[in-house]
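Colleague: Here's my sequence, what's the structure:
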Amino acid sequence: MNPTIPYTPISDTRIDELTAIAAKVGAIVRVVRKVYIDQGRDWDEAISLGGPQTSNRSDCRRREIRIQHMARSNVKEYADIILFNYPKGNGSWRTITGTILVREFGLEPTNSREVFAVGESKPEFCSEIQQNPVHVVATIDYDQNVAYVHWRINYRFAGLFYIGNCENNSFKYWFAFREPRPESV
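Modeller: Numbers count the residues shown, from 1 in each chain. Next comes the predicted model:
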């Protein structure tokens with residue numbers, strides 16, 4: 001694991017700002033620290049590391065999906081991933097990607113490999129946050145589909161959601177963002 005760009009952790013002040021704004025829209029924030037992300041990792045390998053119980057017949061393993069999600073960069077980095085959740089179930093993918101959190105604070109959406117990397121680095125995530133089941137959902141869509149990692153107590157798998165599926169029961173969904181990447185990436 002040789003990062004190509006230096007790790008810059010999110011400051012506590014920044015987390016406090018995001019938490020305050022999130023509270024105004026009924027959301028809560030959790031930061032997953034120092035997630036190793038390899039943007040050039042093979043698609044099937046990224047899926048298997050993020051969701052080791054992902055079936056070989058899963059939609060995310062289809063050839064056309066693999067082509068759609070081809071690596072567009074060889075960047076290797078450690079990054080903090082910012083997760084937003086609506087604990088009262090009053091939010092959705094469309095709500096969170098269009099909120100003040102994104103516009104005012106300039107957060108960037110996450111891609112599939114970044115979400116799979118959260119699965120790899122946090123295999124016990126649902127136990128840590130005491131929520132079962134739980135999904136961490138990417139915020140870049142491909143033809144109205146988004147990648148996710150699903151945790152249950154004894155397993156986790158990766159998959160694709162139609163965005164409309166993230167409109168109900170949103171208390172299960174943690175929507176992933178990150179600070180802007182350095183200009184040189």
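Colleague: C-alpha only now, for contacts and for neighbours.
Modeller: Fine.
Colleague: Might you report the residue contacts of R72?
Modeller: By Cα atoms under 8 Å, 6 or more residues apart in numbering, the contact list for R72 reads 39-40.
Colleague: ok but it is inside a helix, no?
Modeller: No. Counting by DSSP: H, G, I helix; E, B strand; the rest coil, R72 is not part of a helix but coil.
Colleague: How much space separates it from D42?
Modeller: Per Cα to Cα, to the nearest Å, R72 is found 11 Å from D42.
Colleague: Might one say that F157 is in contact with G50?
Modeller: Yes. Applying Cα atoms under 8 Å as the test, F157 and G50 come out as touching, 7.1 Å apart.
Colleague: Would you state the helices of the chain in chain order?
Modeller: For the chain, the helices defined by DSSP state H occupy 12-24, 43-50, 63-68, 93-97, 100-105, 112-121, 125-129.
Colleague: Of those, which shows the lowest average pLDDT?
Modeller: Mean pLDDT is lowest for helix 100-105 out of the helices of the chain, coming in at a mean of 68.
Colleague: Am I right that N74 is in contact with I37?
Modeller: No. Contact criterion Cα under 8 Å: N74 and I37 do not qualify, at 10.0 Å.
Colleague: Show me which of these two is the more surrounded one.
Modeller: Legend: neighbour count by other Cα atoms under 10 Å for N74 and I37, higher for I37 (23 against 12).
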